[in-house]
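A.B. asks: got a sequence here, can you model it:
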Amino acid sequence: MATTPRRPVSPMDAAEALFKPTKKPVAPAVERPAVPNTKEMVSLRLDSDVLAHFQEDGPGWQERINDTLRAAMLAKG
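C.D. replies: Below you'll find the model as predicted:
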């Protein structure tokens, strides 16, 4: 039974070993319990006219979008 040497024998093998990509272990995802009534930051792509409609009344446009989406969610049942 042949054992592989711990160190590369040739300089070329040593150089290639230095540049070989290493696989890093993936950390397990941490599931955090959802806290009621908390807001989450998301990225959302909206049509420019839809965004302009909600922004034309000034600050608070994000809450207005949230309220509109909540109303649609509750109407659907």
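A.B. asks: for the chain, what's the longest helix?
C.D. replies: helix 61-76 (DSSP state H).
A.B. asks: and that one, what's buried?
C.D. replies: Ile65 (16 or more other Cβ atoms under 10 Å). C-betas here are computed from N, CA, C, even on glycine.
A.B. asks: how far is it from where the chain is centred?
C.D. replies: Relative to its chain's centre, helix 61-76 lies at 24 Å (Cα atoms, centre = their mean, to the nearest Å).
A.B. asks: which strands and helices sit next to that helix?
C.D. replies: On a contact count with 3 or more Cβ pairs under 8 Å, 6 or more residues apart in numbering; DSSP states H and E, helix 61-76 meets helix 48-55.
A.B. asks: okay, and the helix or strand of the chain with the least pLDDT?
C.D. replies: Taking mean pLDDT, DSSP states H and E as the measure, the helix or strand of the chain with the lowest value is helix 11-19, at a mean of 82.
A.B. asks: so what's the residue count around Gln55?
C.D. replies: Gln55: 14 surrounding residues under other Cβ atoms under 10 Å.
A.B. asks: re earlier: send me the least confident helix or strand of the chain as CSV with only the CA atoms.
C.D. replies: The C-alpha trace of helix 11-19 is given here as CSV (Å, rounded to 0.1, in the frame of the first residue of the first chain):
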residue,chain,number,x,y,z
PRO,A,11,8.9,22.2,-7.1
MET,A,12,6.2,22.3,-9.9
ASP,A,13,3.8,20.2,-7.7
ALA,A,14,4.6,22.5,-4.8
ALA,A,15,3.8,25.6,-6.8
GLU,A,16,0.5,24.1,-8.2
ALA,A,17,-0.5,23.0,-4.7
LEU,A,18,-0.2,26.7,-3.5
PHE,A,19,-2.6,27.9,-6.2
